[in-house]
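S.K.: Kindly return the folded structure for what I paste below:
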Amino acid sequence: MTSFELNTDKLSTYLSKHVSGFAGPLSAEKFAGGQSNPTYLLTTPDRKYVLRRKPPGKLLRGAHAVDREFKVLSALYPTPLPVAKALHLCDDDSIIGSMFYVMEFMQGRVLWNPTIPEVSKQERSAIYDEMNRVLAELHKVDIDKAGLSDYGKKGSYFERQTHTWSKQYKAAETIHIPAMEELIDWLPANMPNDDGLVSITHGDYRLDNMMFHAERPEVIAVLDWELSTIGHPFADLAYQCMQYYMPSGKGLPGLADANLEELGIPSEQEYIEMYCQRMGFKPIENWNFYLAFSLFRLASICQGVVKRAEQGNASSDKAGEYGDLVSPLAKIALDLTRA
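M.R.: Numbers count the residues shown, from 1 in each chain. The predicted structure follows:
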């Protein structure tokens, strides 16, 4: 048995005692996508479930906190935000080799390419509007009422995150990338003053981390909450808007070379204005800082995937390819700092 395979007999016995209505026999299939917490489809004669686990092996401190995912899903489920129902968290490593949680399985569409070639222009426009609406819905969640007041520190988000991801990048560094070094210096030196805005942030808010209704342009679940925390709403918005600067191609497809009007996709400015109108925000100042920060953070995340691949505990066989993305992402970010 490989480190990512599950002992389904042992897991089935455990879940039958801890998940209401669960009854084996059980089969498990690992989803191919994703570079962080391995995710599995669990199938029984009567129902399907999804399991998310920590990867095996040595991990960066604070990474892969599936218990935090379980906490935020449980807190957000009663709110208007669409998320899957979290069913059980297991912190006993002896069951499958690492901490995991189980949530309900939801049937729908995951759309991987931001140009969404499989739908009509009209539906494409509706999908982007829906992503924008759901993002605003997330940022409107009352942190205290949701029971998430201890989910992270309030304020100074970009300062803390820049420090964290600079450290994470250095810990995972495999080759010297001058653009990353410049960004590590530039971001703290050009930090906007804290404006006091605070929200739950998803941390990886993009098209393929949402599940859409099978027939309608409606988000039925926001997925992959590993990087969520109490943060700043512009972090999620800028993270999604990175795609406007990234070309299509291998790795992380973008919209930089797409004909947005022909596709029915809002421009970056239109998308930002839609969001600000929903949130009641004024026009955003220092926008390029937020973009540069988001690109730097993504580059750091990709570098972490590369490091895990070297250590043999990456979730996907294609993890090593993420090393090819670090330098281009850093260059785009650096160009934005000079614009």
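S.K.: can you list the domains in this structure?
M.R.: Domain segmentation of the chain under automatic domain parsing yields 8-104, 121-337.
S.K.: and the gap between residue 46 and residue 25?
M.R.: From residue 46 across to residue 25, the span is 11 Å (Cβ to Cβ, to the nearest Å). Glycine gets a C-beta too; all of them are placed from N, C-alpha and C.
S.K.: Where among the domains of the chain is average confidence lowest?
M.R.: Comparing mean pLDDT across the domains of the chain, the lowest value falls on domain 8-104: a mean of 89.
S.K.: And it, end to end?
M.R.: 18 Å (Cα to Cα, to the nearest Å).
S.K.: so how far is it off the chain centroid?
M.R.: Relative to its parent chain, domain 8-104 has a centroid offset of 17 Å by Cα atoms, centre = their mean, to the nearest Å.
S.K.: Could you do stretch 214-233 as well?
M.R.: Computed by Cα atoms, centre = their mean, the chain-centroid distance of stretch 214-233 equals 8 Å.
S.K.: Ok, stretch 203-211 next?
M.R.: Here stretch 203-211 is found 6 Å from its chain centre; the criterion is Cα atoms, centre = their mean.
S.K.: Distance across that stretch, terminal residue to terminal residue?
M.R.: For stretch 203-211, the first-to-last residue distance is 17 Å (Cα to Cα).
S.K.: got a list of contacts for it?
M.R.: The contact list for stretch 203-211 (Cβ atoms under 8 Å, 6 or more residues apart in numbering) reads 33, 106, 108-114, 116, 131, 134-135, 138, 202, 219-229, 231, 235-236, 239-240, 243.
S.K.: Among those residues, which lie within helices?
M.R.: 131, 134-135, 138, 235-236, 239-240 (DSSP state H).
S.K.: Most neighbours of all those residues, which one?
M.R.: Within the ones in helices among the contacts of stretch 203-211, residue 135 tops the neighbour count with 28 neighbours, counted by other Cβ atoms under 10 Å.
S.K.: how about the strands in this structure?
M.R.: 27-30, 39-43, 48-53, 86-90, 100-104, 199-201, 210-212, 219-222, 229-231 (DSSP state E).
S.K.: Can you list phi and psi of the residue nearest the centre of the chain for me?
M.R.: Centroid-nearest residue in the chain: residue 204, 2.5 Å away (criterion: Cα atoms, centre = their mean). When read as degrees, to the nearest 10, the backbone of residue 204 gives phi -150, psi 50.
S.K.: cool, and residue 206?
M.R.: Dihedral angles of residue 206 (phi, psi; degrees, to the nearest 10) stand at phi -150, psi 170.
S.K.: For residue 123, the count of nearby residues, please.
M.R.: Neighbour tally, residue 123, other Cβ under 10 Å: 17.
S.K.: If I follow the layout properly, it ends up in contact with residue 213?
M.R.: No. When contacts are counted by Cβ atoms under 8 Å, residue 123 is not listed as touching residue 213 (11.1 Å).
S.K.: give me the number of residues near residue 55?
M.R.: Neighbours of residue 55 (other Cβ under 10 Å): 23.
S.K.: swap that for residue 155, sorry
M.R.: For residue 155, the tally of surrounding residues (other Cβ under 10 Å) stands at 14.
S.K.: any idea how far residue 212 is from the residue lying closest to it once chain neighbours are set aside?
M.R.: Computed as Cβ to Cβ, 6 or more residues apart in numbering, the closest residue to residue 155 that is not its neighbour in sequence is residue 194, at 5.7 Å. According to Cβ to Cβ, residue 194 and residue 212 sit 35 Å apart.
S.K.: do the same with residue 327
M.R.: For residue 327, the distance to residue 212 - Cβ to Cβ - is 33 Å.
S.K.: Tell me which of those two has more neighbours.
M.R.: It is residue 212, of residue 327 and residue 212, that has more neighbours when counted by other Cβ under 10 Å, with 23 against 16.
S.K.: Okay then, goodbye and thanks.
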